[in-house]
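Peer 1: pasted the sequence and its predicted model underneath.
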Amino acid sequence: AVGALLPVVGAGTLVPLATGGSTTYANLDNAASAPALVAVAERVAQVLPHYASVHRGAGWLSRVSTALFEQAREGVGAFVGARPDDLVVLTRSTTDALDLLSRAVPAGGRVLVADVEHHANLLPWQRSARTTVVPGGVDAEETTTRLEAELATGRYALLTVAGASNVTGEVLPLRRLACAAHDAGTRIAVDGAQLLPHRRVDVGRDGVDYLALSGHKLYAPFGSGALVGRRDWLDVAEPYLAGGGATLDVRHDDVRWATGSDRHEAGSPNVVGAVALAQACTTLAALAPGALEEHEGALRARLVDGLETLTGVEVVRPRPRDAVGVVTCTVPGRSVSEVAAYLSAEHGIGVRDGRFCAHRFADALGLADGGLRISTGVGTTGAEVDRLLDALRRLVTSGPELRYGVVDGRWAP
Ligand code: PMP
């Protein structure tokens with residue numbers, strides 16, 4: 001039996017069923033947002049009673065908070081192998097980090113991106129005329145080959161890619177892409193939102209110039225994230241946010257902006273969020289080498305093998321060469337939102353349906369009407385995967401009438 005790898009909050013929560021009674025909630029939607037680790041919740045409970053604004057006050061609390069905030073920055077940097085001259089800019093999310101980076105590319109620098117990216121790593125770039133959006137493929141090999149061919153033109157300042165897909169879970173060959181980029185004089189940015197909860201990344205070792213990440217995908221709550229990477233562009237870029245803390249000196253007709261992470265972190269920062277994110281990094285880093293991959297590999301195999309025995313369920317690209325615990329399927333003849341509502345209302349199972357903020361990729365995969373995404377995390381057990389398989393088996397074998405109507409455009413009991 002596969003048990004949870006780490007304790008997470010909310011495990012064992014009872015949820016009501018539309019059919020009467022209740023059951024323990026099976027959260028198979030970790031790719032959207034993962035539950036906080038128990039270690040994170042405990043750390044937050046420790047720091048919550050004692051915080052004050054950072055970088056400003058001389059009071060004891062303010063100094064404690066400043067130290068906690070800066071230690072958190074160091075912890076996040078250490079988790080991803082930040083180099084001595086890298087900045088760790090603490091942001092609200094991956095979306096925030098990538099938007100920041102999109103405004104920091106030196107003037108005239110061209111950007112290369114594939115259209116199969118999550119919108120967070122497509123739209124910030126697509127709005128610039130200096131971006132080339134190439135058609136991606138249905139798998140990592142196809143997309144990588146197309147990016148390599150385009151990189152070879154030597155026209156690009158930056159290539160930006162997701163480390164792992166939030167639709168198929170497939171992992172991109174980052175070192176290969178980093179080599180191709182660097183050979184062409186191009187830097188590489190990685191959207192680590194889906195990769196980091198599953199795999200360790202070391203920006204130095206892997207040749208990643210910029211890495212974006214989100215706390216809420218990494219077992220810490222919402223509102224924390226980071227952009228880690230080369231300092232030179234960030235030190236001279238227009239400040240991402242204009243406001244207090246980002247300046248050295250403000251005159252009537254002139255502003256001297258700070259350099260370093262301060263430059264892009266105007267306003268009172270999310271100290272508790274940063275501490276939570278850093279604690280998640282510490283706890284994940286303390287796992288035995290390979291333990292995370294083993295846990296997720298076992299769950300993914302169980303899920304994919306099980307789904308493939310169900311006639312009436314089609315798995316989208318079930319066996320990529322390398323993938324994390326994110327699997328998308330369809331139930332031909334049924335709407336995916338109806339199936340997701342059935343899983344929730346009759347079985348207490350949470351999954352995601354739709355096009356996953358990656359519309360171009362969904363279209364390329366034949367998911368114009370959406371897919372059903374099942375995603376595992378460190379808190380997922382084999383029993384939860386079995387419950388999902390059982391629920392889908394019932395649906396496709398006995399074909400119950402689904403008793404759900406549309407409320408606000410969504411299926412609901
Ligand atoms: N990139 C990928 C691959 C994602 O899956 C997500 C979240 N769905 C994001 C970026 C955006 O993350 P956030 O919403 O935390 O900014």
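Peer 2: Perfect, thanks for sending it.

Peer 1: list the buried residues in the helix ranked longest in the chain.
Peer 2: With DSSP state H applied, the helix covering the greatest number of residues in the chain is identified as helix 60-79. Judged by neighbour count (16 or more other C-beta atoms under 10 Å), helix 60-79 contains these buried residues: 62, 64-66, 68-69, 72-73, 75-77, 79. Heads up, the C-betas are built off the backbone N, CA and C, glycines and all.

Peer 1: out of those residues, flag the one nearest to the ligand.
Peer 2: residue 76 (14.6 Å; C-beta to the nearest ligand atom).

Peer 1: thinking again about what came up before, show me what secondary structure element comes after the longest helix of the chain.
Peer 2: strand 86-91 (DSSP states H and E).

Peer 1: and the next element down the chain from that following strand?
Peer 2: Next helix or strand after strand 86-91 toward the C-terminus (DSSP H and E): helix 94-102.

Peer 1: and that next one, how far out from the chain's middle?
Peer 2: Computed by C-alpha atoms, centre = their mean, to the nearest Å, the separation of helix 94-102 from the middle of its chain amounts to 13 Å.

Peer 1: domain assignment for the chain?
Peer 2: With domains defined by automatic domain parsing, the chain comprises 14-30+289-412, 40-285.

Peer 1: between the two ends of stretch 371-391, how far is it?
Peer 2: 17 Å (C-alpha to C-alpha, to the nearest Å).

Peer 1: with stretch 149-160 instead?
Peer 2: Distance between the boundary residues of stretch 149-160 (C-alpha to C-alpha) amounts to 15 Å.

Peer 1: and stretch 300-320, by the same measure?
Peer 2: When the termini of stretch 300-320 are compared using C-alpha to C-alpha, they are 11 Å apart.

Peer 1: mind checking the pLDDT average for it?
Peer 2: For stretch 300-320, the per-residue pLDDT values average out at 97.

Peer 1: circling back: adding pLDDT and distance to the ligand, write the buried residues of helix 60-79 out as CSV.
Peer 2: Below are the buried residues of helix 60-79 laid out as CSV (pLDDT from 0 to 100; distance: C-beta to the nearest ligand atom, whole Å):
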residue, pLDDT, distance to the ligand
62, 92, 29
64, 92, 28
65, 94, 24
66, 95, 26
68, 96, 22
69, 97, 20
72, 98, 17
73, 98, 18
75, 98, 19
76, 98, 15
77, 98, 19
79, 98, 17
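
Peer 1: mind checking the SS state of the residue positioned nearest the centre of the chain?
Peer 2: When the chain is reduced to its mean C-alpha position, the closest residue under C-alpha atoms, centre = their mean turns out to be residue 193, at 2.1 Å. Classification of residue 193 into helix, strand or coil gives coil, according to DSSP: H, G, I helix; E, B strand; the rest coil.

Peer 1: quick check: the gap between the closest residue to it other than its chain neighbours and residue 197.
Peer 2: Ranked by C-beta to C-beta, 6 or more residues apart in numbering and with sequence neighbours excluded, the top spatial neighbour of residue 193 is residue 94, at 4.2 Å. In this structure, residue 94 and residue 197 are 12 Å apart, going by C-beta to C-beta, to the nearest Å.

Peer 1: shared neighbours of those two, anything?
Peer 2: Contact criterion C-beta atoms under 8 Å, 6 or more residues apart in numbering; residues shared by residue 94 and residue 197: residue 217.

Peer 1: and the helices in the stretch 251-400 of the chain?
Peer 2: Using DSSP state H, counting those that start in this stretch, the helices found in the stretch 251-400 of the chain span residues 271-285, 291-308, 336-347, 359-364, 382-398.

Peer 1: winner for burial among these?
Peer 2: Highest mean neighbour count among the helices of the stretch 251-400 of the chain (mean count of other C-beta atoms under 10 Å): helix 271-285, with a mean of 24.

Peer 1: that helix vs helix 60-79, what angle?
Peer 2: 40 degrees (axes from the mean of the first three to the mean of the last three C-alpha atoms, to 10 degrees).

Peer 1: give me the pLDDT for residue 20.
Peer 2: 85.

Peer 1: oh, that last question was meant for residue 411, not what I typed.
Peer 2: The per-residue pLDDT of residue 411 was computed as 50.

Peer 1: residues in the stretch 201-350 of the chain within reach of the ligand, list them.
Peer 2: Near the ligand, the residues belonging to the stretch 201-350 of the chain are 214, 216 when assessed by C-beta under 6 Å from any ligand atom.

Peer 1: got any ranges where the stretch 201-350 of the chain has weak pLDDT?
Peer 2: Counting by pLDDT under 70, the stretch 201-350 of the chain contains no low-confidence segment.

Peer 1: all strands for it, in order.
Peer 2: Here the stretch 201-350 of the chain has its strands, by DSSP state E, counting those that start in this stretch, at 210-214, 225-230, 247-250, 255-257, 314-315, 326-330, 349-350.

Peer 1: for the residue nearest to the centre of the chain, phi and psi?
Peer 2: phi -50, psi -50 (degrees, to the nearest 10).

Peer 1: give the residue farthest from the middle of this structure.
Peer 2: Distance from the C-alpha centroid of the chain, by C-alpha atoms, centre = their mean, peaks at residue 252 (41.7 Å).

Peer 1: against the ligand, how distant is that one?
Peer 2: Separation of residue 252 from the ligand (C-beta to the nearest ligand atom, to the nearest Å): 37 Å.

Peer 1: what sits against residue 166?
Peer 2: With contact set as C-beta under 8 Å, 6+ apart, residue 166 has these partners: 31, 118, 193-194, 326, 356-358, 373.
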